[in-house]
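>>> With the input below, show me the fold.
(one chain, ligands or ions: 1)
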Amino acid sequence: MATTTPLRGTNTSARGLVRPTFKQPRKRLPYPLGLYQTAVGKKWVMGVTGIMIMGFVLVHMIGNLHMYEGPERFNEYGEALRDLGGHLIPRTYALWGMRFGLIAAFALHIHSAATLTIMNRQSRPYNYQSARSYSAANFASRSMRATGIIILLYIVFHLADLTWGWILGDDYIRGDVYNNVTRSLSNVPVAIIYIVANIAVAVHLYHGAWSMFQSLGWNNPKFNQARRAFASTIAGVILIGNLSFPIMNLAGVVSQDNREHPCHVHNGQETDICLGENN
Ligand code: HEM
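Numbering: from 1, shown residues only. Below is the predicted model:
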């Protein structure tokens, strides 16, 4: 049976009088911060930063496919990222620019999602009548929060593993990306973490890609089928690509056997240029 629940934002005193407990509205900040205080502004920020992150994850997955070309090509790809911008700007500056952009996108994405959730809770006048209606109404947003937290933890683990080398210890060779990836992903517990986390990434991306259009106001039901096709394609491609890396490493298709030396090898001749400089 449905139970009567008090109105949110009210408090019933001992004598039965209902007293409002709403907080004073916050001072409106100047544009564009003022826009960000509204639900519409937050949804836009969440949508735009979501597109940026999705673009990064797709390009990152495509770049990682170089590991199937062998150690030399994969490490060259890592070097090319550090050399982006050519001789126009100092080495690694373009990469650092992209890293800062990505950090800002992640921070804004998480902040807008968290504050939007709080705003939605505060603006809902009644508490849910039953656990069932709660779960039905919130399945998508709860799965976004759960997968979002898994992704956040995964990114910290991933950076500790492949960027800072905290997990591989002495086996980590700065700049020798092939060595680090193969040593890390051929370890069963680490590969399982990558598999679970990348499934969470795909689920999050699927819901995100689907609801992104709604957040940006492009929600004509005429395009629902196209939206669903777009969301499943992007999430599916990223899922297959990213799961292939730990699986192929575990299977030994990508392994240390494919490598000859951590230094550049050109035309079968080892050069004296070793990777790992100027990181
Ligand atoms: C199995 C899937 C993945 C593999 C094999 C992989 C591999 C790598 C490698 C080799 C690096 C370079 C480390 C370095 O040399 O500094 C890297 C960096 C990074 N990855 Fe991944 N990655 C995967 C999935 C992801 C996902 C799903 C995300 C985001 C949600 C992500 C976010 C990052 C970030 C933020 C960096 C640091 C980039 C930088 O420092 O420039 N990765 N990853």
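>>> For the rest of this, base every contact and every neighbour count on C-alpha atoms.
Will do.
>>> Could you list the low-pLDDT ranges of the protein?
1-26, 124-138, 259-279 (pLDDT under 70).
>>> What parts of it come near the ligand?
57, 99, 155, 162-163, 177, 181, 194, 198, 242-243, 245-246 (C-alpha under 6 Å from any ligand atom).
>>> Need these in CSV (columns: secondary structure and neighbour count).
What follows is the residues of the chain next to the ligand, written out as CSV (DSSP: H, G, I helix; E, B strand; the rest coil; neighbours: other C-alpha atoms under 10 Å):
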residue, secondary structure, neighbour count
Val57, helix, 16
Arg99, helix, 12
Ile155, helix, 13
Leu162, helix, 20
Thr163, helix, 14
Val177, helix, 25
Val181, helix, 22
Tyr194, helix, 21
Asn198, helix, 22
Asn242, helix, 25
Leu243, helix, 18
Phe245, helix, 25
Pro246, helix, 25
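>>> helix or strand for Met212, which one?
Assessed by DSSP states H and E, Met212 sits inside helix 188-215.
>>> Report the buried residues of that helix.
Neighbour counts over helix 188-215 (16 or more other C-alpha atoms under 10 Å) mark 190-191, 194-195, 197-215 as buried.
>>> Over to stretch 92-102?
Buried residues in stretch 92-102 (16+ other C-alpha under 10 Å): 92, 94-95, 102.
>>> residues in contact with it?
52-53, 81-85, 279 (C-alpha atoms under 8 Å, 6 or more residues apart in numbering).
>>> Now with 7 Å, please.
81-85 (C-alpha atoms under 7 Å, 6 or more residues apart in numbering).
>>> Now that we have those residues, which of them are buried?
82-84.
>>> Out of those, list just those in helices.
Arg82 (DSSP state H).
>>> For the buried residues of stretch 92-102, name the two members farthest from one another.
Thr92 and Leu102 (15.1 Å; C-alpha to C-alpha).
>>> The host helix or strand of Ile150: which residues count as buried?
Following DSSP H and E, the helix or strand that holds Ile150 is helix 131-158. Residues of helix 131-158 classed as buried: 141, 144-145, 147-148, 150-151, 154, 157-158 (neighbour count, 16+ other C-alpha under 10 Å).
>>> So which other helices or strands are in contact with the helix or strand hosting Thr233?
In this assignment (DSSP H and E), Thr233 forms part of helix 224-250. Judged by 3 or more C-alpha pairs under 7 Å, 6 or more residues apart in numbering; DSSP states H and E, helix 224-250 is in contact with helix 39-64, helix 177-185, helix 188-215.
>>> quick one: which of those is nearest Pro71?
Among the helices and strands packed on helix 224-250, helix 177-185 sits nearest to Pro71 (C-alpha to C-alpha), with 5.4 Å.
>>> which residues touch that closest one?
67, 71, 74-75, 78, 162, 168, 172-173, 190-191, 246, 249-250, 254-256.
>>> Equivalent analysis for stretch 224-243, please.
58, 61, 195, 198-199, 202, 205-206, 209-210.
>>> tell me the two of those residues that are most distant?
Once C-alpha to C-alpha is applied, the contacts of stretch 224-243 give Ile195 and Trp210 as the farthest pair, at 22.7 Å.
>>> my guess is Val253 is in a strand, correct?
No. Judged by DSSP: H, G, I helix; E, B strand; the rest coil, Val253 forms no part of a strand; its state is coil.
>>> State the number of residues packed around it.
14 (other C-alpha atoms under 10 Å).
>>> Report the separation between it and the ligand.
Separation of Val253 from the ligand (C-alpha to the nearest ligand atom, to the nearest Å) stands at 14 Å.
>>> again with Ile62
Taking C-alpha to the nearest ligand atom, one finds Ile62 at 10 Å from the ligand.
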